[in-house]
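Enquirer: sequence and predicted structure, then a few things I'm wondering about:
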Amino acid sequence: MLKFFKPEEEEQIIRAIRAAELNTSGEIRVHLEANCKGEIMEEAQKVFRRLKMNRTEARNGVLIMLAPERKEFAILGDEGIDKVVPENFWREERNIMQEHFRRGAFTDGICRAIEQVGEKLKAYFPYQKDDINELPDDISYS
């Protein structure tokens, strides 16, 4: 199993996910893929389904997937998000991540992108007082 982040970096990312999800009913996951074989977005779609992210009630899951060995990443939102947001909705988050990654600041880049995702989704999927956390906040690896 690929271990990319130090335990304290993982905790920082998980805290960012939990904080972002206080703004939105959206569900955010971070996944690292060690053996990404195909095109990054196709692989992200497979991981999205494997992690059951397509089973949230509002179909508002967001996957941030990294393939560190290939130096690639993808941001993928579920169909509930895609139906209501403009095209290239994730461009700003991609740019934030790329800028940080170029400097080797992977944890900071992911945390900033997570923060932005939570803020942006708040407009479309605001946090509800009876909201339940439908997906785990931990980082998944394969």
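Expert: Received the coordinates, thanks. Residues are numbered from 1 along each chain as shown.

Enquirer: residue ranges with poor pLDDT in this structure?
Expert: Residues of the chain meeting the criterion pLDDT under 70: 1-2.

Enquirer: after the lengthiest helix in the chain, next one along is what?
Expert: For the chain, the helix with the greatest residue count under DSSP state H is helix 106-122. Beyond helix 106-122 on the C-terminal side, the first helix or strand identified by DSSP states H and E is strand 140-141.

Enquirer: output the contacting helices and strands for that following strand.
Expert: Under the contact definition 3 or more CB pairs under 8 Å, 6 or more residues apart in numbering; DSSP states H and E, strand 140-141 sits against strand 27-32. In short, each C-beta sits where N, CA and C put it, glycine included.

Enquirer: helices or strands next to the strand it packs on in the packing?
Expert: helix 7-20, strand 61-67, helix 106-122, strand 140-141.

Enquirer: list the neighbouring strands of it plus their orientation.
Expert: Sheet pairing of strand 27-32 (DSSP bridges) gives strand 61-67 (parallel), strand 140-141 (parallel).

Enquirer: tabulate those (TSV), appending mean neighbour count and distance to residue 82.
Expert: Written out in TSV, the entries for the strands paired with strand 27-32 read as follows (neighbours: other CB atoms under 10 Å; distance: least, CB to CB, whole Å):
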stretch	mean neighbour count	distance to residue 82
strand 61-67	25	11
strand 140-141	15	22
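
Enquirer: any chance of TSV for these, columns distance to residue 97?
Expert: TSV is the format used below for the strands paired with strand 27-32 (distance: least, CB to CB, whole Å):
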stretch	distance to residue 97
strand 61-67	8
strand 140-141	18
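
Enquirer: pick the most buried one from the helices and strands packed on strand 27-32.
Expert: Relative to the other members of these, strand 61-67 carries the highest mean neighbour count by mean count of other CB atoms under 10 Å, namely a mean of 25.

Enquirer: next secondary structure element downstream of that one?
Expert: Where DSSP H and E defines the elements, the next helix or strand beyond strand 61-67 is strand 72-77.

Enquirer: returning to that earlier point: and of the helices and strands packed on strand 27-32, who's closest to residue 44?
Expert: In terms of CB to CB, the element of the helices and strands packed on strand 27-32 nearest to residue 44 is strand 61-67, at 4.5 Å.
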